[in-house]
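Colleague: Here is the input, now give the coordinates:
(chains A and B)
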Amino acid sequence: MLLRYRGSEGMLAWAFHRISGVAIWAFILLHVLDIWLVGANPELYDEVLVVYASPIGRVGETLLGAALLYHALNGLRIIIMDFWPATTRWHRQLWYACWILFFVVGVPVALQIMAPAFDLEPPFGTRELVQ
Amino acid sequence: MSARVAPSGRGRPQSGGFELAVWYLMRLTGLGLFVLALAHYLITHFIYDPAIQDADWVTARWSSLTWRTLDWLMLTFVVFHAFMGMRTVVQDSTKGGLRTVLTMLLYLLAIALWVLGTIVLVTLPTRTG
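Modeller: Numbering: from 1, shown residues only, chains lettered A, B, ... in the order given. Modelled structure (predicted):
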């Protein structure tokens, strides 16, 4: 449906913003609850963590990161147009700029997250939390 | 194109009052989350691998009052932003009694989630030794 849609980029920008927003909202429900477990039931939290670190969990985290990054960049685009209305004239170009940043920032992060799922060394190295 | 048109955002409410305040706060919390949430994601997924972030790791991170404060600010911003965003979705897709019920459910869930998050942020003991 989206591929055949001949409307403006603004409509697609809106649809993606809404879909990514609802997805992030759903994750926030899960994430506040799992962090609550750190205090309430740390052993159960550690079990949940195994799911997050699994290959399927990593796919989910990458998708979450994509939703987050798109929502953040397009949200910034909305704010720019809200407070500098003259830039609305360039809303398509701003949206394309969002996508350029999305891939420039997103691809290295996705590689870093997904590498362990393929038993590969993360391209940007690993770090332990030093106390 | 008219300057009033925002091709993907919600137009600034002309009514003022509560709706206008929410409109501004969505943008303010959005800017805050641009920094806080993206930094949080980069720290917990790019810099550190999720596999090492067990309860001890979170506790060690929260031995810093700065991190607790920033994470609480992020919690507050994200609960407001996410639930007010869902409220907009509900307002766009429902009306009448259903809209009222769903909006109230969202508010209750938002408060419950914010309280749970605040409890763990405030009460988690700092690791000793």
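Colleague: Return the residues in contact with the residue nearest the centre of chain B.
Modeller: The centre of chain B sits closest to residue B:78, judged by Cα atoms, centre = their mean, with a distance of 0.6 Å. Residues counted as contacts of residue B:78 (Cβ atoms under 8 Å, 6 or more residues apart in numbering or on different chains) are A:28, B:29, B:33, B:37. Any C-beta I mention is one placed from the backbone N, CA and C, and that applies to glycine too.
Colleague: Could you measure from the last one over to residue B:81?
Modeller: Think residue B:37. Taking Cβ to Cβ, to the nearest Å as the measure, residue B:37 falls 9 Å from residue B:81.
Colleague: Show me which helix or strand of chain B is least confident by mean pLDDT.
Modeller: Ranked by mean pLDDT, DSSP states H and E, the helix or strand of chain B with the weakest confidence is helix B:55-61, at a mean of 93.
Colleague: buried sites along that helix?
Modeller: B:55, B:57, B:58, B:59, B:60, B:61 (16 or more other Cβ atoms under 10 Å in any protein chain shown).
Colleague: Settle it for me: which of residue B:37 and residue B:81 has more neighbours?
Modeller: The neighbour count for residue B:37 versus residue B:81, taken as other Cβ atoms under 10 Å in any protein chain shown, is higher for residue B:81 (25 against 20).
Colleague: The helix or strand hosting residue B:77: what's the following helix or strand?
Modeller: Element membership of residue B:77, judged by DSSP states H and E, is helix B:65-93. Counting by DSSP H and E, the next helix or strand C-terminal to helix B:65-93 is helix B:96-123.
Colleague: In terms of secondary structure, what does that following helix contact?
Modeller: Helix B:96-123 is packed against helix A:9-40, helix B:65-93, with contacts defined by 3 or more Cβ pairs under 8 Å, 6 or more residues apart in numbering or on different chains; DSSP states H and E.
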